[in-house]
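1. return a 3D structure for these sequence lines:
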Amino acid sequence: MSKDTFYFSHDYEPTSDPKIQALLGEHGAVGYGIYWRIIEMLHSDCNHKLPFKKYLFLAIAKQMLASAEQIEAIIQQSINVYELFDSDAEYFWSKRVLRNFERRAELSEKRSVAGKAGAIAKQNLANTSKGKERKEKKEENNIKEFDPFWDSYHSVTGLNKSDKEAALKYWKKLNPDEQQKAIDNIKPYFDSLKDKQYCKKARTYLADKNFNDEFKNTPKLIDRNNDPRYGEGLVENPDFIEEETIRIYDRK
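-> Got it, this is the predicted structure:
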């Protein structure tokens, strides 16, 4: 027997069914009660069939305070006369009960499909929300990292701050490594310019990715009086080239 609890629908007015009327006419309220007890047992059985055996008649008789012969007679007539049950001589069953389980299976399937669809929709919503959060976080990080670049670029180059939105648009297109490189190479880029008036705006610097250029710094001269390591004359600033490549310039 199935251990699952199952509630089946009871007809609103089953006594209007001629088959039930015939049962009531022959066996009265007792027969009617026995019929519904058998229906309950059929719902409870895992195969929704009951054996056409003497022990079953005795079991039902004890429950319903009737005789085994009365139970057998009601079942026999419900099969052969009232057509409330079907039988293969070994077992008997009710088409009504089978229909109940078919409807139950259909309903369960619909609920399962709806549940899965709901779960997928919920997951999609969660993924969308997470995606939105990640996008907003990335946007926030982009702006947070952009401001130091923006300030540093104009501090080093001395240019007026302009076209910030355009610069930010190009900044967002860079990956994190490129963004760091763009910051690190502001000074090398600016120092490599022979004519500072041609220094690009921040947005163009980012758009053209000038931070990827190979920079050759323009030598700057210092007075030997300011650096006792060197002899007479002017020398290239060792901040920009290695010491062994320093060339001595004669003071004029």
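
2. okay, CA-based contacts and neighbour counts for the rest of this
-> OK.

3. tell me where the stretch 151-252 of the chain has strands.
-> Along the stretch 151-252 of the chain, counting by DSSP state E, counting those that start in this stretch, strands occupy 221-223, 234-236, 248-249.

4. comparing those by mean pLDDT, which bottoms out?
-> The weakest mean pLDDT among the strands of the stretch 151-252 of the chain belongs to strand 248-249, with a mean of 38.

5. which intervals of the stretch 51-200 of the chain have sub-threshold pLDDT?
-> 131, 135-136, 138-139, 141 (pLDDT under 70).

6. residue ranges of the helices in it, please?
-> Using DSSP state H, counting those that start in this stretch, the helices of the stretch 51-200 of the chain run over 54-64, 68-80, 95-157, 164-172, 176-184, 186-192.

7. looking at these, which is nearest to Glu26?
-> Of all these, helix 68-80 sits nearest to Glu26, with 9.0 Å by Cα to Cα.

8. and the closest one, what other elements does it pack with?
-> On a contact count with 3 or more Cα pairs under 8 Å, 6 or more residues apart in numbering; DSSP states H and E, helix 68-80 meets helix 18-44, helix 54-64.

9. quick check: which of those helices is buried the most?
-> helix 18-44 (a mean of 17; mean count of other Cα atoms under 10 Å).

10. please name every helix or strand in contact with that one.
-> So helix 18-44, by 3+ Cα pairs under 8 Å, 6+ apart, packs with helix 68-80, helix 95-157.

11. just the CA trace of stretch 79-88, in PDB.
-> Taking Å, rounded to 0.1, in the frame of the first residue of the first chain, the C-alpha atoms of stretch 79-88 are listed here in PDB:
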ATOM      1  CA  ILE A  79     -18.600  -5.500 -11.500                       C
ATOM      2  CA  ASN A  80     -21.200  -7.500 -13.300                       C
ATOM      3  CA  VAL A  81     -24.400  -5.500 -12.800                       C
ATOM      4  CA  TYR A  82     -23.700  -1.900 -11.700                       C
ATOM      5  CA  GLU A  83     -20.500  -1.600 -13.800                       C
ATOM      6  CA  LEU A  84     -18.900   0.400 -11.100                       C
ATOM      7  CA  PHE A  85     -15.800  -1.800 -11.100                       C
ATOM      8  CA  ASP A  86     -13.800  -3.600 -13.800                       C
ATOM      9  CA  SER A  87     -12.100  -7.000 -13.300                       C
ATOM     10  CA  ASP A  88      -9.800  -9.500 -14.900                       C
END
